[in-house]
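Asker: coords please:
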Amino acid sequence: MIKIYHNPACGTSRNTLGLIQNTGQEPEIIEYLKTPPTKEELIDLINRSGLSVRDVLRKNVPPYEELQLEQSTHTDDQLIDFMLQYPILINRPFVVTELGVRLCRPSEVVLEILSAPQRGSFSKEDGELLIDEQGQLIKK
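Answerer: Alright, predicted model coming up:
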């Protein structure tokens, strides 16, 4: 089972979803802005991804500046509470599979945790060819 914490308005999130679907699998899609994770789920995602709380904090959204989150005086627990209050502060997309959890930025990070192979070519929305006809990642 694959789960993606998705924002359909985000190109990176759409590309990540496309890479998952290019394996022939349909993930559970959680539009986290409509259905935010619980505090326990968010902490679990962060811990299992190996990232810090600050690593998953979106910085280019209004609540980040308004709440002065750039200040290092905020504890991890406070930052998590802000992310739960303002889900737009949670960077995306998080993907959960049996192989692990990743914050998929860039979108091809998802390939690290997909057990099924790509089924053919895949191009990102910007036209960049990422997966060739044989389902192999194109090296840059």
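Asker: what about the chain, any weak spots by pLDDT?
Answerer: Scanning the chain for pLDDT under 70 picks out the ranges 140.
Asker: Quick one: the helices in it, in order.
Answerer: Ranges of helices in the chain, per DSSP state H, are 11-21, 39-49, 62-66, 76-85.
Asker: Just name the most buried of the ones you listed.
Answerer: By mean neighbour count, with neighbours taken as mean count of other C-beta atoms under 10 Å, helix 11-21 ranks first of those at a mean of 21. Using the backbone N, CA and C atoms, a C-beta is placed for each residue, glycine as well.
Asker: Output the contacting helices and strands for it.
Answerer: Counting contacts by 3 or more C-beta pairs under 8 Å, 6 or more residues apart in numbering; DSSP states H and E, helix 11-21 is packed against strand 3-6.
Asker: packing partners for the strand it packs on?
Answerer: Short answer (3+ C-beta pairs under 8 Å, 6+ apart): strand 3-6 packs on helix 11-21, strand 28-31, strand 94-97.
Asker: Which one of the ones you listed lies nearest to Asp44?
Answerer: Ranking these by proximity to Asp44 (C-beta to C-beta) places strand 94-97 first, at 9.1 Å.
Asker: Give the pairing partners of that closest one; include direction for each.
Answerer: Using DSSP bridges, strand 94-97 pairs in its sheet with strand 3-6 (antiparallel), strand 100-103 (antiparallel).
Asker: Contacts made by that strand with the rest, please.
Answerer: If you take C-beta atoms under 8 Å, 6 or more residues apart in numbering as the criterion, strand 94-97 is touched by 1-5, 16, 20, 27, 32, 45, 48-49, 56, 101-104, 110, 113-115.
Asker: Stretch 124-136: end-to-end distance?
Answerer: 14 Å (C-alpha to C-alpha, to the nearest Å).
Asker: buried sites along that stretch?
Answerer: By neighbour count on 16 or more other C-beta atoms under 10 Å, the buried set for stretch 124-136 is 124, 130-131.
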